[in-house]
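S.K.: Sequence first, predicted model second:
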Amino acid sequence: MQNVTKVFSNGTLALKDMSLDVRPGEFISLLGPSGCGKSTALRIIAGLGDASSGSIDWPSSKINAKGLPEGDVGFVFQEPTLMPWSTVFGNVHLPLKLRGVSKSAARQKVMEGLESVGLADFADAYPRELSGGMKMRVSIARAIVTRPKLLLMDEPFAALDEITRQKLNDDVLKLWEQFGVTVIFVTHSVYESAYLSNRIVVMRARPGQVYADLEVVQPRVRDGAYRTSESYRAICQTVSDTLQGAIHSAES
Ligand SMILES: Nc1ncnc2c1ncn2[C@@H]1O[C@H](COP(=O)(O)OP(=O)(O)OP(=O)(O)O)[C@@H](O)[C@H]1O
């Protein structure tokens, strides 16, 4: 993102001169107070909204006529947004169907996607038969079925209970390693960002901008032991202090 500014039609200045370089293979959390423009930034990266000025460049991808990388971006929303009339298989097939890939030709990829989120046995189930966490898994399988290089996730687990959220955090980390996908993950949670990411971009509000860019390179393995480790506690403390700084900088 190069100097991206977004002014909505009602005059709200959501982002001002936001610049962010994302390197292949990173797991970045975008963290910040409510209304600081996290979702707006993610939507502009995904091509779901236009920047008022500035640009999104894709130096490592071929781009299509819309200026977006061809087939390279998957998006997971806060709500699973599944089609209730379609089975789990049908929901995950959708992005491939929109590209003209028939059900039979897509079967292997859809089943691989479902296996990677532990739902291979639920291919014929309907969304109403699934728990909230399972619906979100289907949504993730749908986002990765096209093998995107970049996965954008907008507070995907905010509505889930803590245990389910922790399990899904581990699932996402597995997918990140398995597919080598670059992830940008929007969250309100200091703890979630410190658990998942190797880079935490803290934003400030009014106007939305990058306030701090923190590296969390170690440890490589994130698991239950990390959650209770001194290094995790220290990272959470640093991130929490930085977030407080971002909140105060917006008020001054
Ligand atoms: N379509 C829109 N029209 C007008 N203003 C908007 C629109 N979408 C977002 N905004 C405003 O832009 C600012 C940034 O919103 P955005 O949803 O990107 O923030 P956020 O950091 O994702 O917030 P949250 O954490 O609460 O989801 C807010 O002031 C919001 O009210």
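M.R.: Thanks, I have the structure now.
S.K.: wait, is residue 153 part of a helix?
M.R.: No - under the criterion used here (DSSP: H, G, I helix; E, B strand; the rest coil), residue 153 is strand, not part of a helix.
S.K.: got the contact list for it?
M.R.: 75, 76, 172, 183, 184, 185, 186 (C-beta atoms under 8 Å, 6 or more residues apart in numbering). The way it works is simple: take the backbone N, C-alpha and C, and place the C-beta from them, glycine included.
S.K.: who wins for neighbours among those residues?
M.R.: Highest neighbour count within the contacts of residue 153: residue 185, with 27 neighbours (other C-beta atoms under 10 Å).
S.K.: Give me the sheet partners of the helix or strand hosting that one and which way each runs.
M.R.: Element membership for residue 185 (DSSP states H and E) is strand 182-187. If you go by DSSP bridges, strand 182-187 pairs up with strand 27-31 (parallel), strand 150-154 (parallel).
S.K.: what about the first one and the ligand, touching?
M.R.: This means strand 27-31. No - counting by C-beta under 6 Å from any ligand atom, no contacts exist between strand 27-31 and the ligand, the nearest distance being 8.2 Å.
S.K.: Identify the residues contacting that strand?
M.R.: Outside strand 27-31, the residues touching it (C-beta under 8 Å, 6+ apart) are 22, 38, 41-42, 173, 176, 182-190, 192-193, 196-203, 239, 243.
S.K.: For stretch 145-152, give the mean pLDDT please.
M.R.: Model confidence over stretch 145-152, given as mean pLDDT, is 92.
S.K.: Please read the previous query as pertaining to stretch 28-42.
M.R.: pLDDT averaged over stretch 28-42 gives 94.
S.K.: Buried residues, that stretch. List them.
M.R.: For stretch 28-42, a neighbour-count test (16 or more other C-beta atoms under 10 Å) marks 28-33, 36-42 as buried.
S.K.: Run the chain-centre distance for it.
M.R.: In terms of C-alpha atoms, centre = their mean, to the nearest Å, the centre of stretch 28-42 is found 11 Å from the chain centre.
S.K.: Figure out the length between the terminal residues of it.
M.R.: End-to-end distance of stretch 28-42 (C-alpha to C-alpha, to the nearest Å): 12 Å.
S.K.: do the same with stretch 202-212
M.R.: OK, stretch 202-212 end separation, C-alpha to C-alpha: 5 Å.
S.K.: Kindly report the same for stretch 82-101.
M.R.: 19 Å.
S.K.: My guess is residue 24 contacts residue 60. True?
M.R.: Yes - between residue 24 and residue 60 there is a contact under C-beta atoms under 8 Å: 6.1 Å.
S.K.: mind giving me the domain ranges of this protein?
M.R.: Listed by automatic domain parsing, the domain ranges of the chain are 2-72+148-251, 85-147.
S.K.: Out of those, which gets the lowest mean score?
M.R.: For the domains of the chain, where the average pLDDT is lowest is domain 2-72+148-251, sitting at a mean of 91.
S.K.: now that domain: how far from the chain's centre is it?
M.R.: 7 Å.
S.K.: Just the CA atoms of stretch 157-168, as CSV, please.
M.R.: This file holds the C-alpha atoms of stretch 157-168, laid out as CSV (Å, rounded to 0.1, in the frame of the first residue of the first chain):
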residue,chain,number,x,y,z
PHE,A,157,-13.1,-15.4,15.0
ALA,A,158,-14.5,-12.5,16.9
ALA,A,159,-17.9,-14.1,17.4
LEU,A,160,-16.6,-17.5,18.6
ASP,A,161,-16.1,-18.7,22.1
GLU,A,162,-12.5,-18.8,23.4
ILE,A,163,-11.9,-22.5,23.1
THR,A,164,-13.1,-22.6,19.5
ARG,A,165,-11.2,-19.5,18.7
GLN,A,166,-7.9,-21.0,20.0
LYS,A,167,-8.5,-24.2,17.9
LEU,A,168,-9.2,-22.1,14.8
